[in-house]
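Participant: Fold the following, please.
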Amino acid sequence: MVFALLLASFVVAGMLDGLLARLITLLFYVGVLVLALRFARLPIGTARWLRRALLAGSVLIAVLVLVLHGRVIEGIAALWTAGFLLLTVFVVVGRVLRHPVVTMQTIFGALSAYLMVGFVFVALFTAAARLGPGQFFTGDETADGDSIQYFAFVTLTTTGYGDLTPATAPGRSLAVLDALCGQIFLVTLVARLVSVFGVERRRPGDDAAA
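Facilitator: Prediction:
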């Protein structure tokens, strides 16, 4: 369900632009977070507090975006989105690492976390474009939602078409970090899980118990 919601948010963000797209994708992200917290097996009190705090913050951000228009508000909203998406990545990865046997659910959990890493950088690039001075891309390319999402995922996969290039130092630094995170995540988590698919993983203390 988390993977399906993330794919849906990717399609919506690519097809729509402007305020409507941002609010719909924020709704998808909130749904992803609620599902992730539900199955994370956190203490009930902690999970309930996180849900309430993050839902309240998301509603407040959505209201501010609707009422107050401008680059600063959009940048703040993007930073908030990046923050709770990053939290969701940690929740999902923590749940995946606790699976005793690697199943398709484990693989989809890891892939969902990989997509969320991409969306984290979409939000960070959006914040840099809205809060930074001047043009975000070189060549007077427009830094709208579609182009930022395209650039973030092309960089995450290190495809590197070169048609969009950050014009600012923060943008370049984020692009390098985006590429590094994408490759490290695939090599260290996804590839490892695929290699032990269907195999029960050893837990600390198994040798001692034996």
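
Participant: isn't residue 72 right up against residue 132?
Facilitator: No - shown here, residue 72 and residue 132 do not form a contact pair, counting by C-beta atoms under 8 Å, at 11.2 Å. Using the backbone N, CA and C atoms, a C-beta is placed for each residue, glycine as well.

Participant: So which bits of stretch 53-71 are buried?
Facilitator: 54, 58, 61-62, 65 (16 or more other C-beta atoms under 10 Å).

Participant: could you measure the residue nearest the centre of the chain against residue 5, distance?
Facilitator: Central residue of the chain (C-alpha atoms, centre = their mean): residue 116, 2.6 Å from the mean position. For residue 116, the distance to residue 5 equals 10 Å [C-beta to C-beta, to the nearest Å].

Participant: list the residues that contact both of the two?
Facilitator: Residues touching both residue 116 and residue 5 (C-beta atoms under 8 Å, 6 or more residues apart in numbering): residue 32.

Participant: Mind checking which of the buried residues of stretch 53-71 land in helices?
Facilitator: 54, 58, 61-62, 65 (DSSP state H).

Participant: between residue 72 and residue 132, who's got more neighbours?
Facilitator: residue 132 (18 against 11; other C-beta atoms under 10 Å).

Participant: just checking, that one touches residue 171?
Facilitator: Yes - the pair residue 132 / residue 171 is scored as a contact, 7.5 Å apart, by C-beta under 8 Å.

Participant: re the thing from before, of the ones in helices among the buried residues of stretch 53-71, closest to residue 193?
Facilitator: residue 54 (27.1 Å; C-beta to C-beta).

Participant: Name the nearest residue to that closest one, sequence neighbours excluded.
Facilitator: residue 84 (5.2 Å; C-beta to C-beta, 6 or more residues apart in numbering).

Participant: check which helix or strand covers the one you found.
Facilitator: For residue 84, the host element (DSSP states H and E) is helix 71-97.

Participant: What is that helix packed up against?
Facilitator: Packing partners of helix 71-97 (3 or more C-beta pairs under 8 Å, 6 or more residues apart in numbering; DSSP states H and E): helix 19-38, helix 44-67, helix 104-131.
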